[in-house]
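# Here is a sequence with its predicted model. Questions after.
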Amino acid sequence: MLLASKWDVAGDLARLVYGAVRIAFMALPLWLRVTVIVLIGGFVLYAVATRVRDRWRERRTGPAGAPETSPDA
């Protein structure tokens, strides 16, 4: 029995998903394709901005859930 590497399986899945999305997506009218692309792009931008903001806040204030120390204690 020959087992495929993880990268082979990941590549096969990526090609399968790409092909399925391409077939389904190209059947849509142009105005709907553009709308879907804008919505997905907006979601990705929001997710990245939120993640960067949270990491910046955590780096600035310390990890979430850490006990806060006051200067007079």
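Yep, it's here. Numbers count the residues shown, from 1 in each chain.
# Compute the distance between residue 38 and residue 24, please.
Applying CB to CB, to the nearest Å, the value for residue 38 to residue 24 is 18 Å. For every residue, glycine as well, the C-beta is placed using N, CA and C.
# Also residue 49?
Taken as CB to CB, the span from residue 49 to residue 24 is 28 Å.
# show me what contacts the residue most central in space within the chain?
Nearest to the geometric centre of the chain sits residue 44, at 6.1 Å (CA atoms, centre = their mean). Contacts for residue 44 (CB atoms under 8 Å, 6 or more residues apart in numbering) come out as none.
# what's the weakest-modelled helix or strand in the chain?
The weakest-scoring helix or strand in the chain, judged by mean pLDDT, DSSP states H and E, is helix 6-26 (a mean of 85).
# Return the distance of that one from the chain's centre.
Here helix 6-26 shows a centroid-to-chain-centroid distance of 17 Å under the convention CA atoms, centre = their mean, to the nearest Å.
# Give me the next element, helix or strand, following that helix.
The helix or strand immediately downstream of helix 6-26 is helix 30-61, counting by DSSP states H and E.
# ok now that next one, how far from the chain's centre?
Worked out by CA atoms, centre = their mean, helix 30-61 lies 8 Å from the chain centre.
# Between helix 6-26 and that helix, find me the angle.
If you take axes from the mean of the first three to the mean of the last three CA atoms, to 10 degrees, helix 30-61 sits at 130 degrees to helix 6-26.
# avg pLDDT for helix 30-61?
On average, the pLDDT along helix 30-61 is 92.
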